[in-house]
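Chemist: Sequence and predicted structure, then a few things I'm wondering about:
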Amino acid sequence: MTDTAREEILGRINQALGRRGGGEYVSSVSGTVPAGAPAAGPPAAGAPAEAPHAQPGAPAAGGGTVDQSADYLRTGTHEGEDLIEVLIDRLEDYKANVHRVSGDPAETIAGLLESGSKIVVPRGLDDSWLNAFTGDVSVDAPGQELSVPELDTQAAVVTASAVAIAQTGTIVLDGSPECGRRAITLVPDHHVCVVRVEDVVDIVPEGIARLTPSAALTFISGPSATSDIELKRVEGVHGPRTLDVIILGSAP
Amino acid sequence: MTFLGMPLLPSTRRDRPTIPGGQGNIVEDESFAEVSHQHLSNQQLRNNIGHATSTIREKRADVVAELDDWEELREAGSRAKNHVMENLPEYLAEFEANFTAAGGVIHWARDADEANAIVTELAEANAPVLDSGRREVIKVKSMATQEIGLNEHLETQGIDAFETDLAELIVQLGDDKPSHILVPAIHRNRDEIRDIFEEKMPDAGDLTNDPTELAEAARRHLRHKFLTTKVAVSGANFGIADTGSLGVVESEGNGRMCLTLPETLITVMGIEKLLPSFDDLEVFLQLLPRSSTGERMNPYTSFWTGSTPGDGPQNVHLVLLDNGRTRALADEHGRTALNCIRCSACMNVCPVYERTGGHAYGSTYPGPIGAILSPLMTGVEAEENGSLPYASSLCGACYDVCPVKIDIPSILVHLRNEDAEANHSPVSSQLDTALTGASWMMSEGKRMATAESGLPIAHAVTGGEQINSLPGIAGAWTSSRDIPALPEKSFRQLWAEDEARAEEEDDES
């Protein structure tokens, strides 16, 4: 059933685009464009003539003219301590609690966790970060994953992070050994997340450029929140209700 | 450029290939004019919606003003989507290959019925029958599944679909329909929500109307479902062709719960949701949250590529949905409506939406984008969808805020033309006669003067009162407007009198 649907839908698209027999793309504006690899097609007739999608650094699939004029910002202007200040401002605006630590974060982390409580950490987390914590630490590792009900009994989770974007107050977890699989930062109600200053970038394009697309990625901007009742923002619905961010290291 | 006024665009209807339209919750069963009248008198609804749209409008304006390159981002977003539409077969094939290579399974659905059948089959294969004799799935808020009426279909198949987004939960528990694509329960206030929760949530107990307490009640209500349900259904905000990744943008964490904890994940996504490459997210993750909720970034965004070993659902499916999208694509003047990233900014600035609310549009897609997207997907011939392109003042505010620069006003005018040709041809003889007469009269100054000389008589006849209704075709105009009282004299008469008086004064001096 679905094979037929696939062919039929692709056939409809070719028909809609004015391609004949699915082989070539006949444009009303610029004539025939070879099909196969994505071609840089013209915009719909009647619309202003715009250049095809431009993607500096990643040429438009299948070639075609790439317009690199009139483009958006790809690098930010903040650096050093200014950059960290922007990140802190945005994180706090989204109700995350921010802590600056230049050396060993162990005391700070222990101070944020209730002593004696149960916490979960990913297998790659730096052991020394938990030196001052006195509770019960479960390590979530391949083959020894905590079940969902077990995760539900954990008071908190401590992880590192892959990238932080200052302009939007966003922290990205990428499933690496020190960030862990997605469920561990979701089910416990309290997330303590360590951001290294060298992983802080200014704007979104700089953040995207640092990520591995095939990883399971989670972008976090503040704790769980909803504005569904009269648009009044309420922190904490289904995700962790408390987000503590430790910014580790000194700005260069 | 926006063309306003009378339709000017050449019609392509007769040459249009015959591509089937979509079905499901994108068809009005009453005309917009009729159904909007019922909502206009609901003062509570107007207050709720007016408050909500003005609040989001201001937040959006603030965060957009923070970016120096907003216009360049809009341009880049528009360019990327136009490029995808022009090369859709190739990008779909590329996406399919990459998603499949990463362990996912792709299904193609021509229409709502086919998509519903595919999801049903997958749910039956993967969700166990519970003691109640029924199966359960949890759901992330999704426009595509609203569009195809998935929940209602599943219910008839013995499968209960639980909405997990707070607003969708309010709508579902209230046996209601969403009225806004971002905040579906925008028409409800906190008292109404408390009443719904107390009535429909077992164990909710007595609640106050405090939003924090209501959100907490929703958390308790859904927690067990999240932790135990085997199958989740989601939509997707983005499909990335060069990596085969899918992405969901949300706030509450209910999305992450559904995308992460169940064993099986079934995503339903329109074929138009593709972006060429992962790098395009640098544009769209700036455009979407700022345009939508007026935030710099939404609290949670998730991306997954097929299945990830040891992390999240291992049984991952995607239903690629047409349901009228190819029909919209075939309309060269209207196809940019498919560029829509469902941010809802157009709704929040629309003077018509603000007064009627979303239900009047009779479609999953209300507001300005719905007024073009729904008829494009079904054809203006479908039921009452030909009335939707008239649900606008053509003020153009929707075009100004659209993050991917969809020229909604021009498409509205184009669709009015389509509707006129499809449903009202030949043009009403009454209107024809009236316009021909007006044209004859206005084309010659003397004729106009003669016509105006009748004003004093008309003034006398109407008794100097405003006119509330006119007969014949003019009645359509006066059904929702009043004509001010007619003046005693025409401008020409006043001018002539004034000239005469001035001359007299000159003579005297």
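Modeler: Cool, got the structure.
Chemist: Of all the residues in the stretch 51-200 of chain B, which one is nearest chain A?
Modeler: Nearest residue of the stretch 51-200 of chain B to chain A: B:E86, at 3.0 Å (Cβ to the nearest Cβ). C-betas here are computed from N, CA, C, even on glycine.
Chemist: Could you tell me the model confidence score at that residue?
Modeler: Looking at B:E86, its pLDDT is 97.
Chemist: Also the one 3 residues further on?
Modeler: As predicted, B:P89 sits at a pLDDT of 97.
Chemist: ok, how many other residues are close to B:S443?
Modeler: Using other Cβ atoms under 10 Å in any protein chain shown, B:S443 is surrounded by 9 other residues.
Chemist: Chain A versus B:S410, what's the distance?
Modeler: Distance of B:S410 to chain A, given as Cβ to the nearest Cβ, to the nearest Å: 8 Å.
Chemist: So which elements touch the helix or strand that contains that residue?
Modeler: Applying DSSP states H and E as the criterion places B:S410 in helix B:408-423. Secondary-structure packing of helix B:408-423 (3 or more Cβ pairs under 8 Å, 6 or more residues apart in numbering or on different chains; DSSP states H and E): helix B:367-378, helix B:397-401.
Chemist: Quickly check: the longest one near chain A or not.
Modeler: This means helix B:367-378. No: Helix B:367-378 stays clear of chain A (Cβ under 8 Å from any Cβ of the partner chain), getting no nearer than 11.4 Å.
Chemist: Check the secondary structure at A:I246 for me.
Modeler: On the three-state scheme (DSSP: H, G, I helix; E, B strand; the rest coil), A:I246 is labelled strand.
Chemist: so who does the nearest residue in space to B:L486 that is not next to it in sequence touch?
Modeler: In space, and not counting its chain neighbours, B:L486 is closest to B:H459: 4.7 Å by Cβ to Cβ, 6 or more residues apart in numbering or on different chains. Residues near B:H459 by Cβ atoms under 8 Å, 6 or more residues apart in numbering or on different chains: B:485-488.
Chemist: got any ranges where the chain has weak pLDDT?
Modeler: Looking at chain A here, since you left the chain open. For chain A, the stretches flagged by pLDDT under 70 are A:1-3, A:20-70.
Chemist: you looked at the wrong chain, it should be chain B
Modeler: For chain B, applying pLDDT under 70 flags the ranges B:1-17, B:425-429, B:473, B:509.
Chemist: Spell out which residues of the stretch 351-500 of chain B are next to chain A.
Modeler: Neighbours of chain A within the stretch 351-500 of chain B, by Cβ under 8 Å from any Cβ: B:D407.
Chemist: the helices in the stretch 351-500 of chain B, which residues?
Modeler: Ranges of helices in the stretch 351-500 of chain B, per DSSP state H, counting those that start in this stretch, are B:351-356, B:367-378, B:397-401, B:408-423, B:429-442, B:445-452, B:455-462, B:474-478, B:491-508.
Chemist: Export those helices to TSV and append columns for distance to B:T156.
Modeler: TSV is the format used below for the helices of the stretch 351-500 of chain B (distance: least, Cβ to Cβ, whole Å):
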stretch	distance to B:T156
helix B:351-356	31
helix B:367-378	23
helix B:397-401	37
helix B:408-423	33
helix B:429-442	45
helix B:445-452	62
helix B:455-462	58
helix B:474-478	41
helix B:491-508	65
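Chemist: what's the most buried one of these?
Modeler: helix B:367-378 (a mean of 30; mean count of other Cβ atoms under 10 Å in any protein chain shown).
Chemist: now it: how far from the chain's centre is it?
Modeler: 7 Å (Cα atoms, centre = their mean, to the nearest Å).
Chemist: contacting residues around B:A397?
Modeler: B:346, B:349-351.
Chemist: Regarding A:V157, what are the backbone dihedral angles?
Modeler: phi -130, psi 140 (degrees, to the nearest 10).
Chemist: burial of B:S480, as a residue count?
Modeler: B:S480 - counted by other Cβ under 10 Å - has 10 other residues nearby.
Chemist: let me fix that: A:G135
Modeler: Quick note: A:G135 (other Cβ under 10 Å) scores 15 neighbours.
Chemist: how far does stretch B:484-494 stretch from start to finish?
Modeler: Distance across stretch B:484-494, first residue to last, is 18 Å (Cα to Cα, to the nearest Å).
Chemist: Contacts for it next, please.
Modeler: B:449, B:452-453, B:455-456, B:458-459, B:462, B:464-467, B:497.
Chemist: ok, now stretch B:349-356?
Modeler: In this structure, residues lying in contact with stretch B:349-356 by Cβ under 8 Å, 6+ apart are B:32, B:36, B:39-40, B:46, B:49-50, B:53, B:57, B:347, B:366-368, B:391-393, B:395, B:397-398, B:400-401.
Chemist: do stretch B:177-187 as well
Modeler: A:227-229, A:231, B:45, B:48-49, B:52-53, B:56, B:141, B:143, B:146, B:165-168, B:170-171, B:174, B:176, B:193, B:292-293, B:342-344, B:347, B:357-359, B:364-367.
Chemist: and the closest residue to A:K118 other than its chain neighbours, what is it in contact with?
Modeler: Spatial nearest neighbour of A:K118, excluding adjacent residues (Cβ to Cβ, 6+ apart): A:D136 at 4.5 Å. Taking Cβ under 8 Å, 6+ apart, we find A:D136 in contact with A:116-119.
Chemist: and with 10 Å instead?
Modeler: Contact partners of A:D136, counting by Cβ atoms under 10 Å, 6 or more residues apart in numbering or on different chains, are A:116-120, A:154-155.
Chemist: now those in JSON lines, with secondary structure?
Modeler: Converted to JSON lines, the contacts of A:D136 look like this (three-state DSSP):
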{"residue": "A:G116", "secondary structure": "coil"}
{"residue": "A:S117", "secondary structure": "coil"}
{"residue": "A:K118", "secondary structure": "strand"}
{"residue": "A:I119", "secondary structure": "strand"}
{"residue": "A:V120", "secondary structure": "strand"}
{"residue": "A:Q154", "secondary structure": "coil"}
{"residue": "A:A155", "secondary structure": "coil"}
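Chemist: Domain-wise, how is chain B divided?
Modeler: What the TED database lists as the domains of chain B is B:19-424, B:449-508.
Chemist: can you map out the helices along the stretch 51-200 of chain B?
Modeler: Going by DSSP H, counting those that start in this stretch, the stretch 51-200 of chain B shows helices at B:70-86, B:88-101, B:112-126, B:143-147, B:150-156, B:166-173, B:190-200.
Chemist: got the buried residues for the second one?
Modeler: Residues B:88-92, B:94-96, B:98-99 are the ones in helix B:88-101 that count as buried (16 or more other Cβ atoms under 10 Å in any protein chain shown).
Chemist: Okay, angle between that helix and helix B:70-86 too, please.
Modeler: 90 degrees (axes from the mean of the first three to the mean of the last three Cα atoms, to 10 degrees).
Chemist: Same check on the third one?
Modeler: Using the same axes, to 10 degrees, the interaxial angle of helix B:112-126 with respect to helix B:70-86 works out to 90 degrees.
Chemist: Which residues belonging to helix B:112-126 are considered buried?
Modeler: B:112, B:114-120, B:122-123, B:126.
Chemist: Thanks again, I'm all set now.
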